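A.B. asks: here you go, sequence then predicted model.
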Amino acid sequence: MTGLARGLAALGAVACAAAVGLGAYASHGLADADARRAGLAALFLFGHGLALLLLSPGAASRLRLVALAALALGMLLFAGSLLGAVFADLSTALAPAGGGLLMLAWLTLAADALGKRA
């Protein structure tokens, strides 16, 4: 496994751990729009973090590694934008860019999977 793949897998595990704590805080320490935003950020951190953790070790192609790096960046932009709004009263302007990058990353992973020869 390359250094990049190890880093992406580790980021995925950290994102999952953060998601558990963030989900609990969203449920018990926040209310209304802040709770919804933090809960959505936790959902995206957990789902995409788990994908990074599981897909990174087997990333043999450059295309797969690029897709996983895009997945990580999209996850951080999307969840980070929502959490910035909750904890620092920042705009959620980066959330659409993060979401678009997540969709592109998933489509790139699909293209990589379809391009593989058995």
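C.D. replies: Everything's here; your move.
A.B. asks: which residue, neighbours along the chain excluded, lies closest to the residue nearest the centre of the chain?
C.D. replies: The residue lying closest to the centre of the chain (Cα atoms, centre = their mean) is residue 75, at 2.8 Å. Spatial nearest neighbour of residue 75, chain neighbours left out: residue 48 (4.1 Å); criterion: Cβ to Cβ, 6 or more residues apart in numbering. Where you see a C-beta, it was placed from the backbone N, CA and C, and this is true even at glycine.
A.B. asks: over to residue 79?
C.D. replies: Residue 79 sits nearest to residue 41 (Cβ to Cβ, 6+ apart), 4.0 Å away.
A.B. asks: now do the buried residues in the helix or strand that contains the one you found.
C.D. replies: In the assignment (DSSP states H and E), residue 41 maps to helix 32-55. For helix 32-55, burial by neighbour count (16 or more other Cβ atoms under 10 Å) applies to 34-35, 37-42, 44-46, 48-49, 51-53, 55.
A.B. asks: neighbours of residue 3, how many?
C.D. replies: Residue 3 is flanked by 7 other residues according to other Cβ atoms under 10 Å.
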